[in-house]
Each structure stands twice: as structure tokens, then as C-alpha cells.
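J.: Have a look at this fold, sequence not included:
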């Protein structure tokens, strides 16, 4: 029997009920699972660092790579992943990303050594980069009404914030009850449910075959970021004068120049350099990078501090981070109100300064310091982060025309993830190379505070001309 073209296309899209409200809601559920599992793996791994180190061997450098491999691939591939979805369909690409993420999670759980784990985390990061922009594209397609789309995006973002907050707690519980491999196995049911919901209810977006993929630019970006992170990580382990470290710094510089040259000449660049002609866009992108250097690098070393220096279990380490993560969401909701009163840029300045003060308040921390003695400082650090992110995002998006808001959001994601890579690499190297862990932790706190003050100065400086 001959099947009509329309019915075949409906079957191919996997959404026979795509017009119903139920199908739209379940599409939102699938997209939220995709974004949520990406955010869950950002924080859940931190509680497992000590257990991984004891099981697989290796020092701080190997643990840095376990964290950084994920964020390097995430940061470097996210812009291309969005373009790939435009070219062949966001649903196809999103489902491929979910399948890859799930398979890579299984590979992480079964890793026999640190090298295999790092490789699997790299693949996980690549899949995460695929999931985030294409989940947003599918939401945009599923909710044509502006008001409904806004609510859907808010739910999508709130689910990710909840996953980010729950990560340390869930990780600590799983490691205590089952072992560190369980933090990756938990992704398997999430992935399977997300894949089925996506296939069954999401509708495919319009393809744009003319959308080009900037492969040379992509390779240069991955090489530059990977070489820079490698130089910083291995600099702490091998010494900053080691030939391999110097070669990595030189390679990073060369590849960065090559990337800029390529993007300035590509017909459809993955990163349109003309975006940086907007002063406010450039400043907010830089602030996004600086803030993530400070915050996520600090979370990495504090995780090691709680477990290796204070002897806390994975369970208690996870609980230690829950208040710090949980406070971000309510402060996120307060930030727009403050921005309406004093302006977006001043709100970003206030947020960065609050976080910087929290870092400085931790400078007296020593081995054995009570958790409750540093509780307020940790809350201050995360409150500042929660205060500055919403106005930072809205300011960046408002600095460019609406037609370019998608690529602008991608750039902000990429710069923030790059900051996370550099923060973990830098602060991990400090605790590995400063003689004692506590000396390195104190140096990390000073650097973190200085970077946050720099971010405040950058965005708060008056415009000239």
C-alpha cells in the first residue's frame, strides 16, 4: 500500500499528535530533561572527585581533566551545534545529542582508568553542546505564541537550575549508597525517557540546507581552548617552564590567532566577529567569562577541600554545597526587580562585588575550619552569582538586534563555559603547585576576588564617546 507523503513526514517527525496541548507539554518535558541532565553533570561530578581519585589513581591534574574535558567540548562546540540543527533539523540533532550523551554516560560509569573516563567526559561535553541550543530551538518551534514561549522557557531554565542545585546532593547520596559510578548511570533512564518523548512528541524544525558548518573554525576553537587548558593544568603538575607546557601555550596562541583569522574571512562564521562591534556585547561577554573563572574554579577547589582536607564524605560534601546552589534560584528572581530600580549594569556590579566579598571573607579558612564558620561567605558568593546572571544575559541580548539573539545567547554560553574551563584549570594548578593545598586555596580565593572586582570594573566603567 502506498503511504502518502504527508503521513510519511508525520511518521518521520515522530509526532502524530503534535498539534495537541499534551504533545506540546511533553515536548517541553523532553527539552527540560535534555537541558537538566547537562546541568546536573556540571555539579554532580564535583562530589565524586575524591572517590574517583582513590579508585582510578592520579592526582589533582587528572581530576581537573575529568571536569575540564566536559566543559572544553561544551564551550567549543555549542555554536556549531546550533548551526547543525539549523541545517539538518533541530529534532534530529537533539535526539542524536541525547543518544550520544547517554552512551557516553555509560562509558564514564564503566571506565577502568582515568584516561578512559576523561575521553568519555569529552564526548559527554560534545553531546551537552548539542542538547542545549537545539532544545531551545525546538521549544521556539513548539510555542509560536510569545507569551506561552516565555513561560515555557522559564520552566526549561528553572528545571536546569533545579538540576544544578540538586547535583551535589544527588551525587553525594549516590556515591554513599552505591559508589561514584552511579552518578553517571543515573543519566541512562533520563536519556531513554528524553529520547522517547522527543521522538514521539517533538516536531521537526524547518531545515536550512544553505546554513554552512564552519569546520576549520570549529577545529581551531577546540584546539586553542584545549591547548590553553592543558597548559594551565599541566603547568601545575610539571612546572611552568616545562617544554610541554610552553609548547601548549604557544599552540594555544597560534590556534587562537588562526581562529580569529578564519572567522574574519568565513562566509558563515561560527562566531560572527561583527557582534563585538557592540561595546556592551563585548563587555558582557567578557564579564560572563570572568565570573565563571572565579566561581566554578572555586567550587572545584572547595570540593577537594571538604573531602581531602576536612575529611568529609561525598554525602556531607554534597550537602555542604546544597545551600550555596539553592540560593541562586530565588536571587535570580529578585535580580530583575533590582535591575529595574538601579539599572542592569549596576546590578551586575553589585552581584560581582558581593561574590568578591564572600571570597575575601574565606581568606582565613584553614584545615578543620567548621562548615558553619564559612557558611555565610559561601552564601554570599552564590548570591552574587544569582544576582548578576539575569541582568548579564538580558543586557547582552539587548545589545544586538533580535534577529541575532540566538547567536548572541550562544556566544554568552560559550564564553561562560570557557571561563569554567579556565577557572578549574587555573585554581586546580594553584592547589597542586603552591607547596601545600591550603596555600593554593588561599591564592585561589585572592585570584577569584580580584577577577570578580575586575568584572565589576569592566561593566561599571562609564562609556567614552
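T.: Sure, I can see it. Just so you know, these numbers come straight off a predicted model, no measurement behind them.

J.: Every contact and neighbour count from this point should use C-alpha atoms.
T.: Fine.

J.: And the helices in the stretch 301-450 of the chain, which stretches?
T.: 314-326, 328-342, 344-360, 371-398, 405-433, 437-460 (DSSP state H, counting those that start in this stretch).

J.: what's the last one in contact with?
T.: In other words, helix 437-460. 283-284, 286-287, 290-291, 293-295, 298, 301, 345-346, 348-350, 352-353, 355-357, 359-360, 362-363, 365-367, 427, 430-434 (CA atoms under 8 Å, 6 or more residues apart in numbering).

J.: shaky segments in this structure?
T.: 1-19, 402-406, 434-435, 462-465 (pLDDT under 70).

J.: any idea how far the spatially most central residue of it lies from residue 50?
T.: When the chain is reduced to its mean C-alpha position, the closest residue under CA atoms, centre = their mean turns out to be residue 417, at 4.8 Å. Residue 417 is 23 Å from residue 50, where distance means CA to CA, to the nearest Å.

J.: follow-up on the earlier one: between the helices of the stretch 301-450 of the chain, which gets nearest to residue 205?
T.: Ranking the helices of the stretch 301-450 of the chain by their distance to residue 205 (criterion: CA to CA) puts helix 405-433 first, at 15.1 Å.

J.: Show me how far that closest one is from its chain's centre.
T.: Its chain's C-alpha centre and that of helix 405-433 lie 8 Å apart, by CA atoms, centre = their mean, to the nearest Å.

J.: Just list what it packs against, helices and strands only.
T.: When contacts are defined as 3 or more CA pairs under 8 Å, 6 or more residues apart in numbering; DSSP states H and E, helix 405-433 packs onto helix 60-88, helix 215-238, helix 279-304, helix 371-398, helix 437-460.

J.: Save those as a markdown table, and put in mean neighbour count and distance to residue 113 too.
T.: Output for the helices and strands packed on helix 405-433, formatted as a markdown table (neighbours: other CA atoms under 10 Å; distance: least, CA to CA, whole Å):
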| stretch | mean neighbour count | distance to residue 113 |
| --- | --- | --- |
| helix 60-88 | 25 | 10 |
| helix 215-238 | 22 | 19 |
| helix 279-304 | 23 | 20 |
| helix 371-398 | 21 | 33 |
| helix 437-460 | 21 | 25 |
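
J.: picking that back up, minimum distance to residue 124: which of the helices of the stretch 301-450 of the chain has it?
T.: helix 405-433 (14.2 Å).

J.: any idea how far the nearest residue to residue 76 once chain neighbours are set aside is from residue 315?
T.: The shortest distance from residue 76 to any non-neighbouring residue, by CA to CA, 6 or more residues apart in numbering, is to residue 222 (5.3 Å). The gap separating residue 222 from residue 315 is 35 Å, by CA to CA.

J.: now residue 229
T.: Going from residue 229 to residue 315 by CA to CA gives 29 Å.

J.: List the residues that contact the residue lying closest to residue 216 once chain neighbours are set aside.
T.: Counting by CA to CA, 6+ apart, residue 262 is the residue found nearest to residue 216 once chain neighbours are left out, at 7.5 Å. Counting by CA under 8 Å, 6+ apart, residue 262 touches 216-217, 269.
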